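Novice: Got a predicted structure here, sequence first:
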Amino acid sequence: MYKLKVETSFAAAHCLIHYQGDCENLHGHNWKVEVTVTAMELDKAGLGIDFKILKGETNTLLKTLDHKYLNELPPFIESSPSSENIARYLYRELANKFNNGNVKLDMVTVWESDFASASYYE
Ligand SMILES: Nc1nc2c(c(=O)[nH]1)N=C([C@H](O)[C@H](O)COP(=O)(O)OP(=O)(O)OP(=O)(O)O)CN2
Ligand SMILES: [Zn+2]
């Protein structure tokens, strides 16, 4: 079994809902996103899955969040755009793209600062 990880990022604005404190006000982060998959077998080139595919699909999804006000986007109308909910949203979208007989999405981790992150996995 192999574990592969890519890292990328996006910038966006948000405010936490049902939260009392500074973070209920509009502010932004440069979120770092880590996507980890497991692969059972390698192809002839020795790859579980091409990093270019992992990063490409992830960046395509992140483009829909980049430089947006997250609270206005459909995934976060009902659920506050916390790092936890962002990680879960990304996980569910990327699982549909990556999961097959060989590859399984393992975990998505979202860092909202150098010191704070949330991960989601199933
Ligand atoms: N479990 C979570 N806790 C918090 C989240 C979150 O997504 N999940 N998010 C926030 C806010 O987004 C806030 O912007 C956090 O910003 P940060 O600067 O890290 O928070 P502080 O101001 O408390 O940082 P200091 O280190 O105290 O300056 C809050 N919590
Ligand atoms: Zn925040």
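Specialist: Sure thing, it's come through. Ligands and ions are numbered 1, 2, ... in the order given.
Novice: so what's the most centrally placed residue in the chain closest to, chain neighbours aside?
Specialist: By Cα atoms, centre = their mean, the mean C-alpha position of the chain lies nearest to residue 90, the distance being 4.1 Å. Residue nearest to residue 90 in three dimensions, not counting chain neighbours: residue 108, with 4.7 Å by Cβ to Cβ, 6 or more residues apart in numbering. Backbone N, C-alpha and C define where each C-beta goes, glycine included.
Novice: May I see the buried residues of the helix ranked longest in the chain?
Specialist: If you go by DSSP state H, the chain has its longest helix at helix 83-98. For helix 83-98, burial by neighbour count (16 or more other Cβ atoms under 10 Å) applies to 83, 85-91, 93-95, 97-98.
Novice: Using a markdown table, lay out these together with pLDDT and distance to ligand 1.
Specialist: Formatted as a markdown table, those follow (pLDDT from 0 to 100; distance: Cβ to the nearest ligand atom, whole Å):
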| residue | pLDDT | distance to ligand 1 |
| --- | --- | --- |
| 83 | 98 | 4 |
| 85 | 98 | 8 |
| 86 | 98 | 8 |
| 87 | 98 | 9 |
| 88 | 98 | 11 |
| 89 | 98 | 12 |
| 90 | 98 | 13 |
| 91 | 98 | 15 |
| 93 | 98 | 18 |
| 94 | 98 | 19 |
| 95 | 98 | 21 |
| 97 | 97 | 24 |
| 98 | 97 | 24 |
